[in-house]
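Chemist: Give me a model of this one.
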Amino acid sequence: MSTKKRFTIAPDLVNGLRSTIQSASTNQGQLHYDMMLIDVIESDPANPRKLSLNRQEILDGVNTSDPDYQTKQAELDALSELAESIKRVGVRNAIEVYKEGQKYRIISGERRYLATILLGQKSIPARISSKPDEFNLRYMQWVENINRQDLSLKEKYTNLVAMTEAYQKTHSTEITEKLLQDLIGISSSHAYRYFCLLRADKRIVDLVREGKLNNLKIVQELVSMKDKGAREQIISWIKSSKGEVTSLSNYKAVAGKKAMVSKAINLGKVNNTNIAKYLIDIVLSDSRFNKYQGKFNNIDWSSTKSISKAFQALFKTMENELSTEEA
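Modeler: Sure thing, here's the model as predicted:
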């Protein structure tokens, strides 16, 4: 007697399907589910912690001809390390998501989500929350991102602007240094630096976005400089630099300084025309100036004006002929 084959679905997929159906039906308050299907989750396109990699490159690898190959490959290597950790011990902290249309959008845990995709897993532990308002969403992402050592100043700036703009829109109030300190729970000195970053002009922000400024303290130094002319000079120098600038000390040492202007040397007056003639003859007897003797054959030694012009011509000839070392 033949037996019928029974087909079953893996337990984690069953739980994921059940969680998806349940959360789609209620979606109220904060719900906790063990597993959620990867296919119903999406990244937040406005998350400041944005990777260059797309999902297909995570699955298939990065094309070596891609102009951003180095950046993407570094991101993929970092994800691979996380994926190895997840493979050994699983996702220890559930990602957090909220319902957005037909999908669930990530609040925190995007790298865990992408590393799970890299492993080829179909589901991930997720906590489903009610949709936060814009400020709380950006604040939660700030908390998730800020302690990461590899977070660039550009990403911090993007997150900071999104968060403060959302707060201003909700509360109809301007962000102050003290308010910023209270909002993100940092020291007054650190708040001052972030406040400087917020009020930096476009040229400084562009340097941050280009990766030439990646140090908050340096941005604060630049923004708070009192000598505006020197600051503009330094900004131009940083703009023309090849890579990241890690100190302003060398720039500050020369910025705003006026170039040394050479002053004419007064050689005094000569009343005796014979002395004047003797001095010119001594110079022209030098082998380096013999070739210029013809220029001084027609001096009117009875005219002080003619002698003065001859001396001016002699000094100019000497300056042109002699090197700086010889002079």
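
Chemist: Low-confidence regions, the stretch 1-150 of the chain specifically.
Modeler: Per-residue confidence for the stretch 1-150 of the chain (pLDDT under 70) gives these ranges: 1-34, 48-49, 147-149.

Chemist: Spell out the residue ranges of the helices in it.
Modeler: Counting by DSSP state H, counting those that start in this stretch, the segments of the stretch 1-150 of the chain that form helices are 11-25, 55-60, 69-89, 110-119, 134-145.

Chemist: Between helix 69-89 and the fourth one, find me the angle.
Modeler: Which is helix 110-119. Going by axes from the mean of the first three to the mean of the last three CA atoms, to 10 degrees, helix 110-119 is angled at 80 degrees with respect to helix 69-89.

Chemist: all strands for this structure, in order.
Modeler: Using DSSP state E, the strands found in the chain span residues 31-37, 41-42, 95-100, 103-108, 123-129.

Chemist: Among those strands, single out whichever gets nearest to residue 151.
Modeler: Closest to residue 151 of those is strand 103-108 (CB to CB; 13.7 Å). All C-beta atoms are positioned from the backbone trio N, CA, C, and that covers glycine.

Chemist: what distance separates the closest one from the centre of its chain?
Modeler: Here strand 103-108 is found 28 Å from its chain centre; the criterion is CA atoms, centre = their mean, to the nearest Å.

Chemist: now for that strand, which elements pack on it?
Modeler: Applying 3 or more CB pairs under 8 Å, 6 or more residues apart in numbering; DSSP states H and E, one finds that strand 103-108 contacts strand 41-42, strand 95-100, strand 123-129, helix 134-145.

Chemist: cutoff 10 Å now
Modeler: helix 11-25, strand 41-42, strand 95-100, helix 110-119, strand 123-129, helix 134-145 (3 or more CB pairs under 10 Å, 6 or more residues apart in numbering; DSSP states H and E).

Chemist: Identify whichever of the helices of the stretch 1-150 of the chain lies nearest to residue 281.
Modeler: Using CB to CB, the nearest of the helices of the stretch 1-150 of the chain to residue 281 is helix 69-89, at 70.7 Å.

Chemist: For the closest one, enumerate the helices and strands it packs against.
Modeler: Here helix 69-89 touches helix 55-60, helix 110-119, going by 3+ CB pairs under 10 Å, 6+ apart.

Chemist: returning to that earlier point: would you tell me which of the helices and strands packed on strand 103-108 gets closest to residue 217?
Modeler: Of all the helices and strands packed on strand 103-108, helix 134-145 sits nearest to residue 217, with 19.4 Å by CB to CB.
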